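Asker: Just to be clear, the model below is a prediction. Sequence and coordinates:
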Amino acid sequence: MRIEVDLDLCQGHGMCEMEAPEVFEAHRDYVEILDKEPDESLRPAVEAAVRYCPTQALRIVED
């Protein structure tokens, strides 16, 4: 799995960091992906981060 963020949509709400702090770091107005290809063990947290993103700026791409 690979994670992508649309920085045009991202507003830095930080919901993703709350769900998966190992993968995301929220800044003032954008999110930084710390691990673009996280381990499968983090899938539930990453899926929650994608689901709860208020602007739907995140997505999972299956490799």
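Answerer: Received it, and whenever you're ready, just let me know what you need.
Asker: quick one: the helices in the protein?
Answerer: 15-19, 43-52 (DSSP state H).
Asker: what are the ranges of the strands in this protein?
Answerer: Counting by DSSP state E, the segments of the chain that form strands are 2-5, 24-26, 31-33, 58-61.
Asker: Can you list the strands that the last one pairs with?
Answerer: Based on DSSP bridges, the pairing partners of strand 58-61 within the sheet are strand 2-5 (antiparallel).
Asker: Repeat that for the second one.
Answerer: Within its sheet, strand 24-26 is paired with strand 31-33 (antiparallel), according to DSSP bridges.
Asker: which residues sit against the partner strand?
Answerer: 3, 5, 10, 12, 14, 16-17, 23-26, 57-58 (CB atoms under 8 Å, 6 or more residues apart in numbering). The way it works is simple: take the backbone N, C-alpha and C, and place the C-beta from them, glycine included.
Asker: Type out the PyMOL command that picks the buried ones from those.
Answerer: Selection command for PyMOL covering only the buried members of the contacts of strand 31-33, criterion 16 or more other CB atoms under 10 Å:
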select buried, resi 3+5+10+12+14+16+17+23+24+26+57+58
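Asker: Flag every buried residue along stretch 31-41.
Answerer: Across stretch 31-41, burial judged by 16+ other CB under 10 Å covers 31, 33, 38.
Asker: follow-up on the earlier one: okay, the strands of the chain in TSV with distance to residue 43 and mean pLDDT next?
Answerer: As requested, those are arranged in TSV below (distance: least, CB to CB, whole Å; pLDDT from 0 to 100):
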stretch	distance to residue 43	mean pLDDT
strand 2-5	11	97
strand 24-26	14	96
strand 31-33	15	96
strand 58-61	8	98
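Asker: Tabulate those (JSON lines), appending distance to residue 49.
Answerer: Formatted as JSON lines, the strands of the chain follow (distance: least, CB to CB, whole Å):
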{"stretch": "strand 2-5", "distance to residue 49": "8"}
{"stretch": "strand 24-26", "distance to residue 49": "6"}
{"stretch": "strand 31-33", "distance to residue 49": "9"}
{"stretch": "strand 58-61", "distance to residue 49": "6"}
